[in-house]
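**Q** Fold the following for me, if possible:
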Amino acid sequence: MYTEISLLVAVIILSLITIYIFTKNRRILFLSSISFVIATLLNLLGIFLIDIFFDIPVSQTFRLIPVITHILLLTNLGLLVGIYNSKREYKRFKIGDIVKDYLDDSIKQSIFLALLGIATLLFVSLQTGAIISISIISTLISIWLTYWISKYILK
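**A** Reported below is the predicted structural model:
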């Protein structure tokens with residue numbers, strides 16, 4: 001259990017440090033922190049619902065869900081950082097200008113994750129399917145809540 005928690009904490013801390021080093025922007029760092037908190041809460045809710053409604057015992061393999069979700073979410077935040085870094089050199093750059101490009105990339109990533117999840121669910125056991133479902137759904141909701149929040153933070 002401590003291995004998964006330490007791995008998750010390491011992923012979050014290293015991600016936030018890297019995001020700040022590459023952007024030097026506190027608003028993006030704040031948005032990224034909120035995004036990780038949302039993903040963590042959604043993971044806990046997903047595991048709780050699986051245990052109650054589907055009567056699938058929560059085993060040790062379910063501890064991988066937060067790690068998978070946070071790594072998938074990190075790819076979305078990496079897109080945001082990449083957009084920011086490519087646009088910030090323009091003369092009339094405003095941080096709010098990256099929200100549209102972030103929307104486009106979030107749509108593409110959501111489609112990819114949905115198709116990946118559906119294709120994978122066809123060939124796995126019920127317990128593995130539950131893990132994949134929680135991870136994909138938590139990531140998708142986190143991506144869209146992050147985008148929605150970004151419209152207010154990145155003004």
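**Q** Please count neighbours and contacts with C-alpha atoms only from this point.
**A** OK.
**Q** Check what pLDDT the residue lying farthest from the centre of the chain gets.
**A** Ranked by distance from the centre of the chain (Cα atoms, centre = their mean), the top residue is residue 91, with 30.9 Å. What the model reports for residue 91 is a pLDDT of 81.
**Q** Specify the local secondary structure of it.
**A** coil (DSSP: H, G, I helix; E, B strand; the rest coil).
**Q** In contact with it: list those residues for me.
**A** With contact set as Cα atoms under 8 Å, 6 or more residues apart in numbering, residue 91 has no partners.
**Q** Look up how far residue 153 lies from it.
**A** Residue 91 sits 21 Å away from residue 153, taking Cα to Cα, to the nearest Å as the criterion.
**Q** Spatially nearest residue to the residue most central in space within the chain, not counting backbone neighbours?
**A** For the chain, the residue nearest the mean C-alpha position is residue 73 (2.1 Å; Cα atoms, centre = their mean). Spatially, and ignoring its direct neighbours in sequence, residue 73 is nearest to residue 139 (5.9 Å; Cα to Cα, 6 or more residues apart in numbering).
**Q** Spit out the contact partners of residue 76.
**A** Counting by Cα under 8 Å, 6+ apart, residue 76 has contacts 105-106, 109, 143.
**Q** mind listing what's buried in the host helix or strand of it?
**A** Residue 76 belongs to helix 65-87 when assigned by DSSP states H and E. For helix 65-87, the neighbour count (16 or more other Cα atoms under 10 Å) marks 65-74, 76-84, 87 as buried.
**Q** And for stretch 14-29?
**A** 15-16, 19-20, 23, 27-29.
**Q** Take that stretch, keep the C-alpha atoms, and write them as CSV.
**A** Once non-C-alpha atoms are left out, stretch 14-29 reads as follows in CSV (Å, rounded to 0.1, in the frame of the first residue of the first chain):
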residue,chain,number,x,y,z
LEU,A,14,7.4,15.8,-9.7
SER,A,15,4.6,16.8,-12.1
LEU,A,16,3.8,20.0,-10.3
ILE,A,17,7.5,20.9,-10.0
THR,A,18,8.1,20.2,-13.7
ILE,A,19,5.0,22.2,-14.7
TYR,A,20,6.2,25.2,-12.7
ILE,A,21,9.8,24.9,-14.1
PHE,A,22,8.5,24.8,-17.7
THR,A,23,5.9,27.5,-17.4
LYS,A,24,6.9,29.8,-14.5
ASN,A,25,3.2,30.5,-14.3
ARG,A,26,1.4,30.2,-11.0
ARG,A,27,-2.1,30.1,-12.5
ILE,A,28,-1.2,27.0,-14.6
LEU,A,29,0.4,25.4,-11.5
